[in-house]
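*Asks:* What follows is a predicted protein model with its sequence.
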Amino acid sequence: MRAVMIRPAFVFSLIATTATLVACSVVPTYQRPTTTIPASFKEEPGWRPAAPADDKPREQWWALLGDAELNGLQARVLVSNQNLAAATAAYDQARALVREQRSALFPTIDLQASANRAGSFDKNTTVVAGGTGSTGSGGAANNSVNSSRRYSASVGASWEVDVFGRLRASVSQAGALAQASAADLANATLAAQGELALDYVQLRALDAQADILTATIAGYERALQITNNRYAVGVVARVDILQAETQLRNARADSADLGRQRAALEHAIAVLVGENPSTFSLAKADWAPQIPDVPPILPSTLLERRPDVAAAERRVAAANAAVGIERSAYFPTLDLTGSAGFTSSSLSTLFETASSVWSLGASGLLTLLDFGGRSARVAQARAAYEQTVAEYRQTVLTAFQQTEDQLAAARILTTVEQERAAAATAANQVEQLTLNQYVAGLLSYSDVIISQTTALAAREALVSATLNRQTAAIALIQAIGGYWNGGQPPAR
């Protein structure tokens, strides 16, 4: 191998110059977009602050609903839900892209080997039977051909020096997008868990309504029997029988329709846990609703807890890096290349010192004129950045809207449930008193029908009010990012 003497002073100068150039960057300094954050929530100004920790895992907040079967279903969501599987794959792709972009910061090294044989024909060369040869004056075939062989083996390297930060900007962009993808995965997980909890409590509320209708139908059947007995002795007219039968038939129809609604929710839950609806079922169970208290936070911490806000902010950072990538096109690129190896006409002498070869090279490229192409791409990147800023601010506004909506719902629905409970108690008493007075001959059957209808509506309204409180609590947990530990984030 041929020795090459390089002065140390030259090496140090080259390193210093390269380091100075690499320190240059055309990426704009990133600053998180500003948003107006109120000091407290309008619908619940007394909430106390909670320590923010967006990077910490969400707790199993659904456990406070007090349903062991729901806990088991939530565990299956993380394993089998196909939307989460797709989001996980997207996150893996984003992380792989970061590694790919980071590898561009380092030299590329390759190994090359070749063997070839080349030759030439004289002017008398002809093609004869059995091969190629040359014909002399006597016409006899001459098989001699001028040819040569060449063998080579070398190791080469190439490196694009990141003088103006284009490659580092690409790494930064890919990293921000990977972080956004991670936040997307967290948001998809929270959404799937929340949807499962909502579907489950609605299904259990339907079971409770089915119990109410079963008891109501039994009461209507007794009322119809009483009316038939009174008609048989001539106390009432046949119209009372028809009215009682109408009430009974309608109640039975409502009960059948509850079965349809329950089936739809059961199918939705099956898909959420990654199972075919044809093979999935949930047995009927007693409804024992629990309404957990939502952990208090301050508005300033909301943005650090919601994964969709984090994803939107990371996309702003990625768009900012994209501006720098496009701006780097105004500056030259610098490529360094080098190789060392052997070349010989004989394979036996290929790796001898006399056969060694080497090369070093540098090349630069600068676009002088592109008729506005670069400026257009920079303008496009800036516009894309402004778009992500607007989308981030819209996501923040939506986060506050959802939180305020559910705070108002949680506060107001507590009063609604209390009033519904009192109304149901009163309606049940009226129904019983009216039926007793009808049997005593003091009221007509139309009065009984009115009281029965009112009582059934009041009982169903009480179930709906309790369900609304549950769904509002679940929606509020999602709105604040999914934490649940007395307002404090879970420990790692």
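*Replies:* Sure thing, it's come through. Fair warning: this is a prediction, and the values are worked out from it, not measured in the lab.

*Asks:* any weak-confidence spans in the stretch 1-150 of the chain?
*Replies:* Counting by pLDDT under 70, the ranges of the stretch 1-150 of the chain that qualify are 1-25, 46-59, 122-146.

*Asks:* so where do the helices sit in it?
*Replies:* Using DSSP state H, counting those that start in this stretch, the helices of the stretch 1-150 of the chain run over 8-22, 68-80, 82-103.

*Asks:* ditto for the stretch 151-300 of the chain
*Replies:* Assigned helices in the stretch 151-300 of the chain, in chain order: 166-232, 238-272, 299-305 (criterion: DSSP H, counting those that start in this stretch).

*Asks:* hmm, back to that, adding distance to Thr471 and mean neighbour count, write the helices of the stretch 1-150 of the chain out as JSON lines.
*Replies:* Quick note: C-beta positions are derived from backbone N, CA and C, even for glycine. Formatted as JSON lines, the helices of the stretch 1-150 of the chain follow (distance: least, Cβ to Cβ, whole Å; neighbours: other Cβ atoms under 10 Å):
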{"stretch": "helix 8-22", "distance to Thr471": "56", "mean neighbour count": "11"}
{"stretch": "helix 68-80", "distance to Thr471": "14", "mean neighbour count": "14"}
{"stretch": "helix 82-103", "distance to Thr471": "21", "mean neighbour count": "15"}
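
*Asks:* Tell me the strands beside the longest strand anywhere in the chain, with direction?
*Replies:* The strand that spans the most residues within the chain, counting by DSSP state E, is strand 146-161. Each strand paired with strand 146-161, and its direction, by DSSP bridges: strand 108-120 (antiparallel), strand 333-344 (antiparallel).

*Asks:* buried residues in the first one?
*Replies:* Looking back up the chat, that one is strand 108-120. Across strand 108-120, burial judged by 16 or more other Cβ atoms under 10 Å covers no residue at all.

*Asks:* how far does that strand sit from the chain's center?
*Replies:* Here the centre of strand 108-120 is set off from its chain's centre by 49 Å, with Cα atoms, centre = their mean, to the nearest Å.

*Asks:* now the shortest one
*Replies:* If you compare the mean C-alpha spot of strand 333-344 with that of the full chain, they lie 45 Å apart, counting by Cα atoms, centre = their mean.

*Asks:* Flag every buried residue along that strand.
*Replies:* Of the residues in strand 333-344, those buried (16+ other Cβ under 10 Å) are 333-334, 338-342, 344.

*Asks:* Figure out which of the helices of the stretch 1-150 of the chain is closest to Gln290.
*Replies:* helix 68-80 (10.8 Å; Cβ to Cβ).

*Asks:* what helices or strands is that closest one leaning on?
*Replies:* When contacts are defined as 3 or more Cβ pairs under 8 Å, 6 or more residues apart in numbering; DSSP states H and E, helix 68-80 packs onto helix 166-232, helix 238-272.

*Asks:* I'd like the distance between Tyr438 and Gly219.
*Replies:* Tyr438 sits 13 Å away from Gly219, taking Cβ to Cβ, to the nearest Å as the criterion.

*Asks:* Tell me which of the helices and strands packed on helix 68-80 lies nearest to Val27.
*Replies:* Of the helices and strands packed on helix 68-80, nearest to Val27 by Cβ to Cβ is helix 166-232, at 4.8 Å.

*Asks:* Looking at that closest one now, give me its mean pLDDT.
*Replies:* Averaging pLDDT along helix 166-232 gives 92.

*Asks:* Give me the angle between that helix and helix 82-103.
*Replies:* Between helix 166-232 and helix 82-103, the angle comes out at 170 degrees (axes from the mean of the first three to the mean of the last three Cα atoms, to 10 degrees).

*Asks:* Check the offset of helix 166-232 from the chain's centre.
*Replies:* The answer for helix 166-232 is 20 Å, by Cα atoms, centre = their mean.

*Asks:* Report the angle between that helix and helix 68-80.
*Replies:* Calculated by the same axes, to 10 degrees, helix 166-232 forms an angle of 150 degrees with helix 68-80.

*Asks:* which secondary structure elements does helix 166-232 contact?
*Replies:* Using 3+ Cβ pairs under 8 Å, 6+ apart: helix 166-232 touches helix 68-80, helix 82-103, helix 238-272, helix 307-327, helix 373-439, helix 445-479.

*Asks:* and the fourth one, average pLDDT?
*Replies:* Meaning helix 307-327. Helix 307-327 comes out at a mean pLDDT of 93.
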